[in-house]
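S.K.: got a predicted model here, sequence first, then my questions.
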Protein chains: 2
Amino acid sequence: MEQTIKKAVQDEYPEDFSWCYGCGRLNENGHHFRTGWDGDNTVTIYTPRPEHTALPGFVYGGLIASLIDCHGTGSASLALHRKNGHEPGDAVEPPRFVTGSLHVDFIKPTPHGVPLKAVGTVEEVHPKKWKVHTEVFAGGKVCAKGEVVAVVMPSTFYEK
Amino acid sequence: MEQTIKKAVQDEYPEDFSWCYGCGRLNENGHHFRTGWDGDNTVTIYTPRPEHTALPGFVYGGLIASLIDCHGTGSASLALHRKNGHEPGDAVEPPRFVTGSLHVDFIKPTPHGVPLKAVGTVEEVHPKKWKVHTEVFAGGKVCAKGEVVAVVMPSTFYEK
């Protein structure tokens, strides 16, 4: 049985922050990545669309990078939210993050046609800067590893 | 007047290598990134689709990572092809590369609605391993910098 994310941080983002092509619930054409807690790890699960191929049978690397990116900012948001005493679903708006940097190591070709599971470990570098280490699994095997440095979104971003 | 890529390496890839969601000319739903020479630099130009937003008005980071990724493998292919005495359009099949690793630094929010221009510098690390340094410009300003380590595709990949 496929694992699902019950309470995702993206479900709680304010509307003006919900248009991300990767993880915005209001972006009709986007991926709708959803990220939640699994114990002390963060998890995002996504099944690539038929067109998300690199070669026939293998997942496109840019899609894997996108998954790691949004999983990173979502994980950082979950972690700071928890540090502040909150969990998704308690009706408090979670903090918003942007990606400072993204690194992906492609470990092995990622098979297409199965769900991808990104599992993250979050590390606080600074109250406004968090690092998220991610492993992406397909069919139980690690196919890619990622690191995102996520930064609390500057207020200039949404005051425009 | 918008610059266009006249002779792109992706136009010369064999059919079985043309299904990439980022740069495969046969993937109907993909981005169709096209990479060519501009002197000693490599260039890929792409205008994001309306849905490729992070926040309204800004380009999605995963799309920028995808652009840097395919620009990287395309640039490495161009460079090794040139080292072998060939240019796109001379009817010789260019070498195929896969991404070993991808790094992106997001320098500033990337405005949506203008063409993105990725400009690459290629460095040979090993005959089968090339590093591509990329700057992504929007409206004349550098918005992201990337580094791709591209590796000549192992034959196991396409013998399947």
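M.R.: Thanks, I have it.
S.K.: just the strands in chain A please.
M.R.: Secondary structure of chain A by DSSP state E: the strands cover A:35-38, A:41-46, A:97-106, A:116-126, A:129-138, A:141-152.
S.K.: what's the offset of the fourth one from the middle of its chain?
M.R.: If you compare the mean C-alpha spot of strand A:116-126 with that of the full chain, they lie 9 Å apart, counting by C-alpha atoms, centre = their mean, to the nearest Å.
S.K.: so for that strand, what's the average pLDDT?
M.R.: In this model, strand A:116-126 has an average pLDDT of 97.
S.K.: does chain B have contacts with that strand?
M.R.: No - against chain B, strand A:116-126 shows no contacts by C-beta under 8 Å from any C-beta of the partner chain, the least distance being 12.8 Å. From N, CA and C alone the C-beta is placed, and that goes for glycine too.
S.K.: got it, and the first one?
M.R.: No - legend: contact between strand A:35-38 and chain B by C-beta under 8 Å from any C-beta is lacking; minimum distance shown is 14.0 Å.
S.K.: what's next to stretch A:31-42, contact-wise?
M.R.: For stretch A:31-42, the external contacting residues (C-beta atoms under 8 Å, 6 or more residues apart in numbering or on different chains) are A:5-11, A:21-25, A:43-46, A:63, A:66-67, A:70-71, A:74-75, A:78-79, A:82, A:87-88, A:119-122, A:132.
S.K.: center of chain A, which residue is that?
M.R.: In chain A, the centroid-proximal residue (C-alpha atoms, centre = their mean) is A:His71; its distance is 1.2 Å.
S.K.: returning to what we had before: quick one: buried ones out of the contacts of stretch A:31-42?
M.R.: Among the contacts of stretch A:31-42, those scoring as buried are A:5, A:8-11, A:21-25, A:43-46, A:63, A:66-67, A:70-71, A:74-75, A:78-79, A:88, A:119-120, A:122, A:132 (criterion: 16 or more other C-beta atoms under 10 Å in any protein chain shown).
S.K.: point out where chain A drops to low pLDDT.
M.R.: Chain A contains residues with pLDDT under 70 at A:1-2, A:156-160.
S.K.: switch to 50 and redo it
M.R.: A:1, A:160 (pLDDT under 50).
S.K.: pretty sure A:His112 is touching A:Glu51, no?
M.R.: No - taking C-beta atoms under 8 Å as the definition, A:His112 is not a contact partner of A:Glu51, at 10.1 Å.
S.K.: more crowded one of the two?
M.R.: Using other C-beta atoms under 10 Å in any protein chain shown as the criterion, A:His112 and A:Glu51 rank with A:His112 on top: 21 against 14.
S.K.: just give the closest residue to A:Pro95, not the sequence neighbours.
M.R.: A:Leu80 (4.8 Å; C-beta to C-beta, 6 or more residues apart in numbering or on different chains).
S.K.: scratch that, A:Val142
M.R.: Closest to A:Val142 by C-beta to C-beta, 6+ apart is A:Glu135, at 5.0 Å.
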